[in-house]
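Asks: here are the coordinates; sequence isn't available:
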């Protein structure tokens, strides 16, 4: 089922149970004045729908939904399972989650349950069924959100039911203890298991959180499968009893294969977009950060799951909980900028969080569009501008797809293994970020592409260039797929620590880079971590540019194994000065690069230059570094989103006349983009 086909839907998250019913009509009326057409409700309202076990009440929400019909506002219903009611956790304490240290997490916040409890699954299925039967034909309800932000707050589970479920999952995966022991390398430190009852999820050890690394990798795989199993319980009920309403879920949190969940269960994926997080949580040691513009990398990840998606929560004000998190207020224009940032990357529906700031609870500082006093303010006016623009221009956007010829490649195995393995995990996130910065500042749109078991060479051939920074775990089958991609003319770029582990996290007994050695035409002669008094070395490039770049975090010293390999850069310092640091191997019609360190923006920029990658608008536009470029293309034509992340005006030079879809104004020559300004240019005529 498509996300939306009739119009671009803009709206807000709303909580009728928080407000006196006398406010409902006025709230919905004012939403319509801002051109809002959709709201999300009920994701935290289990005790209202089921005030005591087996007793169901729909009166409050029925009254509200009748008002929504009168005001012609569509509604997304949340299944309320992210916050089990107090009667449930009191009567069935086995549904509660337990920390790694064995502490039971009690009622009082949210997401305090575990997915494995048979009783919690039973009761979750029942409330979902009762809601689905009651609202399946309601004229206001267009779709459902499963739960809320799976694995948010906490993404690990250690209740008794989880240990039992993990054991059954392992039995299904390995069949025998002999195979489990082999996969976990259990002979090391005498961890061999002789009975299934001895097998648990990781538990406290003398070294703190220091589990067997192969057990820790399987733990993350189990959590993902278990989460999807729990989501499927609800999705199957909704498919059966509410077949004319779509199904989604929101969030992007750890230990969950969102690609598989979306493919198997959802009509599309939804995301909660808070760009201010990127501004306040940046690494203090990071050079030249993108701040809120860096949130586009997260949106690119969402797009890899669902090319067209919903933003279920779009930041509209300052954010924070009473006891943690405190984000500044968006400056004038930033709410609009961040909204179009989401749309540029593939959003076809956007809901602001929230309509009005809560006057009680943990989120009294997580501000919405309206303040507590409910009077007009700057954010309301800005939302109205966005609503008016999308009411006029939104239909030219919906259904179009983001366009990119470069992709940053990821996979879940390396992400999950890298959470624990400090020899490759931190480098993967840093390199992806640095590559994204280098591409962004050169106005080269990029995708995130997840390498999965069912990925085909056709999936990869959509891109001329793949950056796969540090795939320590690299299956032979994946390496063969990449060889096929490069053989056909593609370019793949690896970083240090590539290809030395199998899917269980065991190191191959073959020269690094293991499964990628043939493709790269090199072996790793020696390697070293860069830490403490071991300072970063430098690289000297063979591109005619004298400037050296830093070789940070880890250094692979390379040995040439094939005549087709070209040395692109050499180490310029330390005991391996003069040794190959960066290589390029001609392989069929394409090439494979190996970069012997963790990437920096400067190093990525050198490779971009040597590859000849350039902006798709280079022929008709010159853009300053502060402006992001995104291209969406569909039946209505090709659209170029230009987003200014600076609080200063940005000058853009258009060599061809273009029309701004949002204002209808024709632009040409040197044009100033206002602080935090956005234009959406019609690159090709609209049909």
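Replies: That came through, no problem. Small disclaimer: the values here were computed from a predicted structure and weren't measured. Numbers count the residues shown, from 1 in each chain.
Asks: Pull the contacting residues for the spatially closest residue to residue 437 that is not a sequence neighbour.
Replies: Distances taken as CB to CB, 6 or more residues apart in numbering put residue 601 closest to residue 437, at 4.8 Å, once the chain neighbours are dropped. For glycine as for every other residue, the C-beta is placed from the backbone atoms N, C-alpha and C. Contact partners of residue 601, counting by CB atoms under 8 Å, 6 or more residues apart in numbering, are 287, 288, 434, 437, 438, 441.
Asks: let's go with 6 Å and repeat that
Replies: Residue 601 is in contact with 434, 437, 438, counting by CB atoms under 6 Å, 6 or more residues apart in numbering.
Asks: Need the phi and psi values for the last one.
Replies: So the one you mean is residue 438. Per-residue torsions, residue 438: phi -60, psi -40 (degrees, to the nearest 10).
Asks: Could you pull up the residues touching it?
Replies: With CB under 6 Å, 6+ apart, residue 438 has these contacts: 601, 604, 605.
Asks: gap between the worst-scoring helix or strand of the chain on mean pLDDT and the chain center?
Replies: Ranking every helix and strand in the chain by mean pLDDT, DSSP states H and E puts helix 276-280 at the bottom, with a mean of 87. Centre-to-centre, helix 276-280 and its host chain are 15 Å apart (CA atoms, centre = their mean, to the nearest Å).
Asks: What residues sit buried inside that helix?
Replies: 276, 277, 278, 279 (16 or more other CB atoms under 10 Å).
Asks: same question, stretch 638-649
Replies: 638, 639, 640, 641, 642, 643, 644, 645.
Asks: my guess is the fourth one contacts residue 679, does it?
Replies: Looking back up the chat, that one is residue 641. No: using CB atoms under 6 Å, residue 641 is not in contact with residue 679; the gap is 7.8 Å.
Asks: could you say what helices and strands the helix ranked longest in the chain packs with?
Replies: Ranked by residue count, the top helix of the chain under DSSP state H comes out as helix 213-241. When contacts are defined as 3 or more CB pairs under 6 Å, 6 or more residues apart in numbering; DSSP states H and E, helix 213-241 sits against helix 118-135, helix 258-265, helix 412-420.
Asks: Just the mean pLDDT for it, thanks.
Replies: Per-residue pLDDT over helix 213-241 has a mean of 98.
Asks: Quick check: next helix or strand after that helix?
Replies: Counting by DSSP states H and E, the next helix or strand C-terminal to helix 213-241 is strand 246-248.
Asks: partners of that next one, with directions?
Replies: According to DSSP bridges, strand 246-248 forms sheet pairs with strand 141-145 (parallel).
Asks: Taking helix 213-241 as reference, get the angle to the strand it pairs with.
Replies: Taking axes from the mean of the first three to the mean of the last three CA atoms, to 10 degrees, one finds strand 141-145 and helix 213-241 inclined to each other by 160 degrees.
Asks: so where's this protein shaky on pLDDT?
Replies: Residues of the chain meeting the criterion pLDDT under 70: 1-2, 4, 282, 685-687.
Asks: and it, what are its domains?
Replies: Domain assignment for the chain by automatic domain parsing gives 76-257, 406-611, 621-682.
Asks: Distance to residue 344 for these - can I get that in TSV?
Replies: Below are the domains of the chain laid out as TSV (distance: least, CB to CB, whole Å):
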stretch	distance to residue 344
domain 76-257	17
domain 406-611	9
domain 621-682	4
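Asks: so of those domains, which one's packed in deepest?
Replies: By mean neighbour count, with neighbours taken as mean count of other CB atoms under 10 Å, domain 406-611 ranks first of the domains of the chain at a mean of 20.
Asks: Can you give me the first-to-last residue distance of it?
Replies: Start-to-end span of domain 406-611 (CA to CA, to the nearest Å) is 12 Å.
Asks: do stretch 130-145 as well
Replies: Note: stretch 130-145 ends 15 Å apart using CA to CA.
Asks: Contact partners for residue 313?
Replies: Listed by CB under 6 Å, 6+ apart, the contact partners of residue 313 are 272, 353.
Asks: Adjacent strands (with direction) for whichever helix or strand it is part of?
Replies: Per DSSP H and E: residue 313 is located in strand 309-315. Taking DSSP bridges as the criterion, strand 309-315 sits next to strand 270-273 (parallel), strand 347-353 (parallel) in its sheet.
Asks: elements contacting the following helix or strand past that strand?
Replies: The helix or strand immediately downstream of strand 309-315 is helix 334-344, counting by DSSP H and E. In terms of contacts (3+ CB pairs under 6 Å, 6+ apart), helix 334-344 is packed against strand 309-315, helix 378-393, strand 637-644.
Asks: Just put the ones you listed in TSV and tack on distance to residue 491.
Replies: Shown next, in TSV, are the helices and strands packed on helix 334-344 (distance: least, CB to CB, whole Å):
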stretch	distance to residue 491
strand 309-315	28
helix 378-393	37
strand 637-644	25
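Asks: Could you say which of those is packed most deeply?
Replies: Each of the helices and strands packed on helix 334-344 was scored by mean neighbour count; the highest is strand 309-315, a mean of 27, by mean count of other CB under 10 Å.
Asks: quick one: that strand to helix 378-393, angle?
Replies: Angle, strand 309-315 to helix 378-393, by the same axes, to 10 degrees: 160 degrees.
Asks: got the buried residues of stretch 638-649 as TSV, with distance to residue 136 columns?
Replies: Shown next, in TSV, are the buried residues of stretch 638-649 (distance: CB to CB, whole Å):
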residue	distance to residue 136
638	40
639	37
640	42
641	38
642	43
643	40
644	45
645	44
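Asks: Which strands and helices lie in contact with the helix or strand hosting residue 581?
Replies: Using DSSP H and E, residue 581 sits in strand 580-587. Identification of packing neighbours for strand 580-587 by 3+ CB pairs under 6 Å, 6+ apart yields strand 565-571, strand 590-595.
Asks: among those, which is nearest residue 420?
Replies: strand 590-595 (24.0 Å; CB to CB).
Asks: For the closest one, what is the distance to the chain centroid?
Replies: Using CA atoms, centre = their mean, the mean C-alpha position of strand 590-595 is found 27 Å from that of the whole chain.
Asks: partners of that strand, with directions?
Replies: Sheet pairing for strand 590-595, using DSSP bridges, gives strand 491-494 (parallel), strand 580-587 (antiparallel).
Asks: Tabulate those (TSV), appending distance to residue 59.
Replies: Formatted as TSV, these follow (distance: least, CB to CB, whole Å):
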stretch	distance to residue 59
strand 491-494	59
strand 580-587	67
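Asks: Can you say which of those is nearest to residue 428?
Replies: Residue 428 lies closest, by CB to CB, to one member of those: strand 491-494, at 11.6 Å.
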